[in-house]
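Visitor: Have a look at this prediction, sequence included:
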Amino acid sequence: MTVYLLRRLFQAVLVMLAMSVIVFVGVYAIGDPVEILISPDADQIERERAIQALGLDLPLWQQYGTFLIRALQGDLGRSFVFNEPALQLILQKMPATLELAVGATFMAVLIGLPLGLYAGLKPDSAGSKAIMAGSILGFSLPTFWVGLMLIMVFAVQLGWLPSTGRGETAQFLGLQWSFLTRDGLAHLMMPAINLSLFKISLVIRLTRSGVRETMLMDYVKFARAKGLSPARVTYVHVFKNILIPVVTVVGLELGSTIAFSVVTESVFAWPGMGKLIIDSINVLDRPVIVAYLMIIVMMFIVINLVVDLLYSTLDPRVRLEGKS
């Protein structure tokens, strides 16, 4: 296991290095922040002084070299707009995005797995057909439209849930979290539901197809022939074997949810990283954009590593291959 972890760590370093080059060059190519950050009324001397202060007078390779040296020291640059460390700005917004993404993923697993299991075990029933029809709607409906409908129904007409903001927060591990308070949980409910609809549909269809495929396997037929109860066959022999693809997809979707929760955060005015990156793109705040993308890449690497480790827990064959 130690050798495996060291190998994955080495691979992660190579991926981070390659992505840093791609991200830095891509952000450099999207525009000149000088045209936005510096007033048009400024004279040439003031413009040159500002360009030099921001380090934009250096060639691209030198800017990247400076960024790489500072990144190895934990410094991902200083925001052009806020004049604060970019990493600090992102970390301030990260708890809000993380709890929204984790809440949406938790809902997807909690709702999608039982519904997909039922749809796979009873494919011809009316309930199964209704579940699959609902999953199509979850794939098809635009996220922003669903968010507006949720606000209209549950916030405006019924008045059950607040429509915007994060609500009251409580401190845990030095960070502020809204799910620890009743008011914060009420604020979290609608954005998490809106963000989880697509993932619920994905988990339902993935679980259903896995159940239908597994039910035809010889070991399931043998378990039935031994006289095991349907519940034991389902939860011991079927359910455990379908978890591997579900864990893979859910893990990757968690990373995607963290990275692409911008629409939901905008609709519900959720103060997460999504709003910060949109504002930074509008003003071409390069350090914040680069730092955000690098953190997202690191999150995907960590999530993939966790998924691979879960494989060895769910499937003994993976452990045996690793030992060999």
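Guide: Now that the structure is in, tell me what you want to look at.
Visitor: How far off centre is the helix or strand hosting Pro114?
Guide: In the assignment (DSSP states H and E), Pro114 maps to helix 86-121. Averaging C-alpha positions (Cα atoms, centre = their mean, to the nearest Å) puts helix 86-121 8 Å from its chain's average.
Visitor: Which strands or helices does it pack on?
Guide: helix 126-140, strand 175-177, helix 182-214, helix 239-259, helix 262-267, helix 273-282, helix 286-314 (3 or more Cβ pairs under 8 Å, 6 or more residues apart in numbering; DSSP states H and E). For glycine as for every other residue, the C-beta is placed from the backbone atoms N, C-alpha and C.
Visitor: hmm, 7 Å instead?
Guide: On a contact count with 3 or more Cβ pairs under 7 Å, 6 or more residues apart in numbering; DSSP states H and E, helix 86-121 meets helix 126-140, strand 175-177, helix 182-214, helix 239-259, helix 273-282, helix 286-314.
Visitor: Determine which stretch of these is the most buried.
Guide: Compared across these, helix 182-214 shows the largest average neighbour count, a mean of 21 (mean count of other Cβ atoms under 10 Å).
Visitor: From the chain's centroid, how far away is that helix?
Guide: Counting by Cα atoms, centre = their mean, helix 182-214 comes out at 13 Å from the chain centroid.
Visitor: so Phe198 touches Phe139, yeah?
Guide: Yes. The pair Phe198 / Phe139 is scored as a contact, 6.5 Å apart, by Cβ atoms under 7 Å.
Visitor: what would the helices and strands packed on helix 86-121 look like in JSON lines with mean pLDDT and distance to Arg49?
Guide: Converted to JSON lines, these look like this (pLDDT from 0 to 100; distance: least, Cβ to Cβ, whole Å):
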{"stretch": "helix 126-140", "mean pLDDT": "86", "distance to Arg49": "53"}
{"stretch": "strand 175-177", "mean pLDDT": "79", "distance to Arg49": "38"}
{"stretch": "helix 182-214", "mean pLDDT": "87", "distance to Arg49": "43"}
{"stretch": "helix 239-259", "mean pLDDT": "79", "distance to Arg49": "36"}
{"stretch": "helix 273-282", "mean pLDDT": "81", "distance to Arg49": "23"}
{"stretch": "helix 286-314", "mean pLDDT": "79", "distance to Arg49": "18"}
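Visitor: and Gly65, which of those is closest to it?
Guide: Closest to Gly65 of the helices and strands packed on helix 86-121 is helix 286-314 (Cβ to Cβ; 13.9 Å).
Visitor: could you list every residue that touches Val23?
Guide: 290, 293-294 (Cβ atoms under 7 Å, 6 or more residues apart in numbering).
Visitor: hmm, who's touching stretch 261-273?
Guide: With Cβ under 7 Å, 6+ apart, stretch 261-273 has contacts from 90, 93-94, 96-97, 100-101, 143-144, 147-148, 163-166, 190-191, 194-195, 274-275, 278, 292.
Visitor: change it to 8 Å
Guide: For stretch 261-273, the external contacting residues (Cβ atoms under 8 Å, 6 or more residues apart in numbering) are 90, 93-94, 96-97, 100-101, 104, 143-144, 147-148, 151, 163-166, 190-191, 194-195, 258, 274-275, 277-278, 292.
Visitor: now it, how far from the centre of its chain.
Guide: With Cα atoms, centre = their mean, you get 13 Å for stretch 261-273.
Visitor: Can you give me the first-to-last residue distance of that stretch?
Guide: In stretch 261-273, first residue to last residue: 9 Å (Cα to Cα, to the nearest Å).
Visitor: Check which residues of that stretch are buried.
Guide: 261-262, 264-268, 270-273 (16 or more other Cβ atoms under 10 Å).
Visitor: will you turn the residues you listed into CSV that also has distance to Arg205?
Guide: CSV is the format used below for the buried residues of stretch 261-273 (distance: Cβ to Cβ, whole Å):
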residue, distance to Arg205
Ser261, 22
Val262, 25
Thr264, 22
Glu265, 26
Ser266, 28
Val267, 25
Phe268, 26
Trp270, 27
Pro271, 33
Gly272, 28
Met273, 29
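Visitor: Could you identify the most distant pair in these?
Guide: Top of the distance list for the buried residues of stretch 261-273 (Cβ to Cβ): Val267 and Met273, 15.4 Å.
Visitor: ok, the buried residues of stretch 261-273 vs Arg49, which is closest?
Guide: Distances from Arg49 to the buried residues of stretch 261-273, taken as Cβ to Cβ, are shortest for Met273 (31.9 Å).
Visitor: what's the spacing between the closest one and Gly74?
Guide: Met273 is 19 Å from Gly74, where distance means Cβ to Cβ, to the nearest Å.
Visitor: what's the answer for Leu228, then?
Guide: Distance from Leu228 to Gly74, by Cβ to Cβ: 55 Å.
Visitor: out of these two, which sits in the more crowded spot?
Guide: More crowded of Leu228 and Gly74, by other Cβ atoms under 10 Å: Leu228, with 15 against 8.
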